[in-house]
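**Q** Structure, please.
(chains A, B and C)
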Amino acid sequence: MSSMNTSSLTQEMLVRMFAAGKRFDGRKLLEMRDFTIEYNVSNKAEGSARVKLGKTEVVVGVKMEVAAPYPDSLDKGNLMVSGDLLPLASPRFESGPPKFNAIELPRLVDRMIRESHVIDLHKLIIKEGEKVWTVIIDVYPINDDGNLIDAAGLATIAALMNTYIPNLDEAGRIDHESKSTKKLPLTEGTVPLSFTFFKLGDSLIVDPTREEEEACEGKINWGISNWKGKEHMLHSCQKGLEIPLTREEIEFMMQTLPKLYDDTLKKLKKFLK
Amino acid sequence: MNELNKAHEEYEDFSSYPDSGTESATRTVVVPGEIIASGEDLLPGEGTRRDGNDVIASRFGLAEKVGRVVKIISISGAFVPRRNNVVIGRVSDIVHSGWIIDIDYAQNGFLPLMESPRFINKHEMDQFLAIGDMVSAKVWSVSPKSIDLAMKGKGLGKLEGGFTFRVNPSSVPRVIGREGSMINLIKENTGCNVTIGQNGWVWIKGQDLDNEIKARKAIEFIAEKFHVSGLTEKMEEWFAKNK
Amino acid sequence: MVVFKRLDGRKSEEMRPITAKVGIIPNADGSAMFSFGKTIAIAAVYGPRLLHPQHMQDPQSAVLRVNYDLLSFSVSDRKKPGPSRRSQEISKVTSWALTPALDLKEFPNTVVDVQIYILQADASTRVAGINAASMALAHAGIPMKNLVCAVAIGKLDKELVVDVDKNEEDFKEGEAATDFPIAKLANSNSYTLLQMDGNIQPNVVSKAIALADKACEKIYEVQKKALKEVVESQ
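**A** Numbering: from 1, shown residues only, chains lettered A, B, ... in the order given. Model (predicted):
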């Protein structure tokens, strides 16, 4: 596969196309690619999911571990999100110490999940002040054709919704042999999702292919949910890259995000078990 | 057919590709190590080797026997440059004697200063080709030390306007078609200029966005079909449907 | 004759169900999945491509660079991300197992990268990885003498078994469990991976190899079919 980035000619072409509301794959500027979700990527995970968003593929696994609570939050379980940009997934990803993008991806997922309080961490206490559950989410891209973060967001919530808390044996150790039927406690009605807007020229698009993503000059990631099933609520945000955004653009996103969220949630629900 | 496609013809016999329109020889998919055919009189061609009485596949692809020659048409894998290949690349650096061109291979190409079509002052090389510019060029020579490029010839030179994208390099002969038939069909139906590099990079420039997008779609459609027979007819249908 | 009964009911010479698929990672030059029962390996090949740093380049051949690792959630106790001593050793022996099959002289000064990841581990992960990598290399159009096939032969007490799973790895009775992963060039007398942990008598080794030969014939057919399906499904 190619190591050559999107050319400046193609970038200029995309500026013209976006200005005319067109994309190479025929989508509208604010239209996501179709996606599919599969479960049970690994039966060794307490929950897992694979999302294919166009040709982008991300797998997420959830492991549950017994740990001590953090001293400043003795009354709740712990959450940890990690992951790596496997060199398997793209000619751009290299082995060795993680680059910024590899650090940013799990951090964005972490903030969206943590701030939405979708995981009821207070229900993850095993012994008050001594032992709690740690939820560890690992995010791995398998094929990068752009917009890994939004695919990772979908895979994460799908995996969490199918995560079981393992049984403990008499000594308080995890019993990997017996099958648990106890689901990870999630906040009723809250489904956080990630949406990232990308900017090229004066246009904003969502869900870029890799070619489009490489051409774009600015981006901003939003974590949003239908908070407790009540109303749209933003939980996290991070503007990336050097290009500034205008107030009009920010307001435009606030107008379009709820519909994007509702449409995607509807599609997601078809895959929920 | 323009000069550029003639350049392709010099080293590849397109009559053997599925698009040929003539009754083509049977092709079978083979994996490395598999016996393709047996017989003392057979000649092992590209991608094959002889072992005793047998001709064996050295790589994955479509095995084909034409007369006594047995060879493999590759259907996947990275681009490996050969002399006379037309490639589309990007200027990645300027050195004192020429331009370094990223041709999407493990080694960069080198375009000597004297390949410029007009006299260029050594201090003003970026006036002709600046870093990031796209070019179409021909592979002049390949050695472990360097891949030298040439740019004199019709259809070669700096790419102005339009856009570039990539298809699987092994699909390029199909996209060009026999004697350029496929690429000509695309040009006729879209009115676009199209240049196809053997490295899988394609340049398109047309009159309007819709035709440019359509030309790309058509090329991607062909590139994704491995060995469909009568591809030209299929493409004519495709254009009729995608008016 | 007493028929040895394996925990999951398989016969001694019976492998778990094996599946293979080629072309699973569109970005890669070649890619494949291979599974023995619940053990799932995926592999991607990138290259020949530029090798940095330059002093690692070979002016007479491409360099094969293999990376094997477990995804953190592929095992019961979460594996910390990043290379371990174990994964580095398996990466190296996998590279040695694959190299004899390859002809990399056409691509001097370059590297062919093989990335192997285990999605779900139920023993025999390195041999599943080798089978996937061998298909991915062929899919990438790399010149090869032959495919590489690999299987783990086990010895449970005195009984030789084919394709060891995790329960069998933990077998404790009698002479206990022996794990003997073997790779070879398909349809040949060339063995390219031999590793062993456990207890095995010298005169039993050739029996183990004969079992591996038989299993590899079946594995080869599955690999070959998966490669051909990439084209025929089009």
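**Q** which ones are touching residue C:139?
**A** Residues near residue C:139 by CB atoms under 8 Å, 6 or more residues apart in numbering or on different chains: B:60, B:76-77, C:22-23, C:29-32, C:45, C:227, C:230. (Each C-beta comes from the backbone N, C-alpha and C, glycine too.)
**Q** Please report the distance of the residue in chain C that chain B sits nearest to from residue A:136.
**A** Nearest residue of chain C to chain B, counting by CB to the nearest CB: residue C:141, 2.4 Å away. Per CB to CB, to the nearest Å, residue C:141 is found 39 Å from residue A:136.
**Q** The two - which one has more neighbours?
**A** residue C:141 (25 against 21; other CB atoms under 10 Å in any protein chain shown).
**Q** Can you sort out which of the contacts of residue C:139 also neighbour chain A?
**A** residue C:29 (CB under 8 Å from any CB of the partner chain).
**Q** got the contact list for the closest residue to residue C:156 other than its chain neighbours?
**A** Of all residues not flanking residue C:156 in the chain, residue C:171 sits nearest, at 4.7 Å (CB to CB, 6 or more residues apart in numbering or on different chains). By CB under 8 Å, 6+ apart, residue C:171 lies in contact with C:156-157, C:177.
**Q** Helices of the chain, start to end?
**A** Reading this off chain A. Here chain A has its helices, by DSSP state H, at A:8-19, A:100-116, A:148-160, A:210-215, A:247-269.
**Q** ah, I was thinking of chain C
**A** In chain C, the helices defined using DSSP H lie at C:85-98, C:125-139, C:166-169, C:205-232.
**Q** weakest of the ones you listed in terms of mean pLDDT?
**A** Ranked by mean pLDDT, these bottom out at helix C:166-169, which scores a mean of 91.
**Q** Nearest to chain B, out of the helices of chain A?
**A** Nearest to chain B, of the helices of chain A and by CB to the nearest CB, is helix A:8-19 at 3.7 Å.
**Q** Now the closest residue to chain C within the stretch 151-273 of chain A, what are its backbone angles?
**A** Of all residues in the stretch 151-273 of chain A, the one sitting closest to chain C is residue A:176 (4.3 Å; CB to the nearest CB). Main-chain dihedrals, residue A:176, degrees, to the nearest 10: phi -80, psi -10.
**Q** now it: how far from residue A:166?
**A** Going from residue A:176 to residue A:166 by CB to CB gives 7 Å.
**Q** of those two, who's got more company?
**A** Neighbours per residue (other CB under 10 Å) separate residue A:176 from residue A:166, with residue A:166 holding more: 21 against 14.
**Q** surely that one meets residue A:180?
**A** Yes. The pair residue A:166 / residue A:180 is scored as a contact, 5.2 Å apart, by CB atoms under 8 Å.
**Q** tell me the contacts of residue B:134?
**A** Neighbours of residue B:134 in contact, by CB under 8 Å, 6+ apart: A:7-9, B:88-91, B:158-159, B:164, B:203.
**Q** What is the burial count for residue C:77?
**A** Counted with other CB under 10 Å, residue C:77 comes out at 10.
**Q** What of residue A:178?
**A** By other CB under 10 Å, neighbour count at residue A:178 equals 11.
**Q** Identify the residue nearest it in space, chain neighbours excluded?
**A** Using CB to CB, 6+ apart, the closest residue to residue A:178 is residue A:167 (4.9 Å).
**Q** so the one you found makes contact with residue A:173?
**A** No. Using CB under 8 Å as the test, residue A:167 is too far from residue A:173 to be in contact (10.1 Å).
**Q** Just want to know which of those two has more residues nearby.
**A** Neighbours per residue (other CB under 10 Å) separate residue A:167 from residue A:173, with residue A:167 holding more: 14 against 10.
**Q** Specify the beta-bridge partners of the closest residue to residue A:38 other than its chain neighbours.
**A** Once flanking residues are discounted, residue A:38 sits nearest to residue A:50: 4.6 Å by CB to CB, 6+ apart. Beta-bridge partners for residue A:50, by DSSP bridges, are residue A:38, residue A:59.
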